[in-house]
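> Sequence and predicted structure, then a few things I'm wondering about:
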Amino acid sequence: MPFHWIQHRGEQILYVDLSGIGGSGALAAEIGAISDLAAVQPEQSVLALVDLGTRHLTDAGNSSMEDDIPRLAPCVRRAAIVAGGVPGLGGVVLNAIAQLTGREIKLFDAVEPAKDWLARGT
């Protein structure tokens, strides 16, 4: 399963690893399952870490995110996106997700600094 809860510095973080998901259909299914899990969490309680690795999002992947991310917005407090080595992805995806959710989102090149930022709360 590409998503699970982790503990980091006393904080619970929803870790979503999309780096190894192949095909837009599989990506859409995983994003749907993640939004189902997160949507039942209390409002503004989820610290989310999304690891895209070096994957390139297709139009189908972007469409799936646009459909499911608004369902996540109420429960997400902050989100960190790891998109190492994907030129240009950061600005496009980050701006789209921030607009869809209205939440604080930050882009990172690696997982550990992203976890630290989420756990610190600053």
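Now that the structure is in, tell me what you want to look at.
> Next secondary structure element downstream of the helix or strand of the chain with the lowest mean pLDDT?
Sorting the helices and strands of the chain by mean pLDDT, DSSP states H and E puts helix 59-72 at the bottom, at a mean of 60. Per DSSP states H and E, the first helix or strand lying C-terminal to helix 59-72 is strand 76-82.
> following the top helix by length along the chain, which helix or strand comes up?
Secondary structure of the chain read by DSSP state H shows that its longest helix is helix 24-39. Per DSSP H and E, the first helix or strand lying C-terminal to helix 24-39 is strand 46-51.
> Which pLDDT does the model give the residue most central in space within the chain?
Most central in the chain under C-alpha atoms, centre = their mean is Val50, positioned 3.3 Å from the mean C-alpha point. pLDDT, Val50: 87.
> Ser19 is in contact with that one, correct?
No - at 9.7 Å, Val50 does not count as touching Ser19 under the criterion of C-beta atoms under 8 Å. (C-beta placed from N, C-alpha, C; glycine too.)
> Now do the contacts for the residue nearest to the centre of the chain.
Contacts for Val50 (C-beta atoms under 8 Å, 6 or more residues apart in numbering) come out as Val16, Leu18, Ala79, Ala80, Ile81, Val82.
> OK, contacts around the closest residue to the last one other than its chain neighbours?
Computed as C-beta to C-beta, 6 or more residues apart in numbering, the closest residue to Val82 that is not its neighbour in sequence is Asp51, at 4.5 Å. Asp51 is in contact with Tyr15, Val16, Asp17, Leu18, Ser19, Val82, Val111, counting by C-beta under 8 Å, 6+ apart.
> hey, what's Asp51 bridged with?
Asp17, Val82 (DSSP bridges).
> Can you pull the residues that touch both of Val50 and Ser19?
Common neighbours of Val50 and Ser19 (C-beta under 8 Å, 6+ apart) do not exist.
> what's the first-to-last distance across stretch 2-17?
End-to-end distance for stretch 2-17, by C-alpha to C-alpha, to the nearest Å: 5 Å.
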